[in-house]
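S.K.: pasting the structure only:
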């Protein structure tokens with residue numbers, strides 16, 4: 001079992017950058033696929049990015065492709081989301097999630113792909 005804890009959120013101007021971190025406790029972190037989701041006020045939670053257990057395979061939502069990068073450091077039990085060229089529409093609470101036995105879907109883009117969730121970190125992009 002792992003417990004994800006997000007950090008790194010805050011206020012950033014449009015066009016700027018921010019890096020989110022997700023530290024996950026547990027000795028088996030390296031065997032978990034990980035994902036980032038976000039939820040804006042009044043909207044449903046949506047997929048942002050996912051990475052497999054080794055970090056060798058990544059997937060992105062079309063809305064962030066080319067701007068965001070997901071990566072992981074298994075030695076540090078941490079997953080990152082580097083957010084570049086941010087836009088006001090990126091404003092949301094960002095959640096980190098861990099999948100114990102891999103994804104049910106091909107890209108890990110569904111909430112039901114994941115077993116453990118963090119509490120979220122707020123990202124606000126000002127125009």
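M.R.: Looks like it arrived, so ask away. All figures in this text were calculated on a predicted structure; none of them were measured in a lab. Numbers count the residues shown, from 1 in each chain.
S.K.: Pick out the residue nearest the middle of this structure.
M.R.: Closest to where the C-alpha atoms of the chain average out (C-alpha atoms, centre = their mean) is residue 36, at 2.1 Å.
S.K.: measure that residue to residue 27 for me?
M.R.: 23 Å (C-beta to C-beta, to the nearest Å). Any C-beta I mention is one placed from the backbone N, CA and C, and that applies to glycine too.
S.K.: Also residue 121?
M.R.: Residue 121 sits 24 Å away from residue 27, taking C-beta to C-beta as the criterion.
S.K.: How about residue 19?
M.R.: Taking C-beta to C-beta, one finds residue 19 at 25 Å from residue 27.
S.K.: With neighbour numbers in mind, choose between these two.
M.R.: The residue with more neighbours, out of residue 19 and residue 27, is residue 19; 13 against 9, by other C-beta atoms under 10 Å.
S.K.: and that one, that's in a strand?
M.R.: Yes: assessed by DSSP: H, G, I helix; E, B strand; the rest coil, residue 19 belongs to a strand.
S.K.: Let me see the contact set for the closest residue to it other than its chain neighbours.
M.R.: Distances taken as C-beta to C-beta, 6 or more residues apart in numbering place residue 82 nearest to residue 19, at 5.1 Å, with adjacent residues excluded. Residue 82 is in contact with 17, 19, 68-71, counting by C-beta atoms under 8 Å, 6 or more residues apart in numbering.
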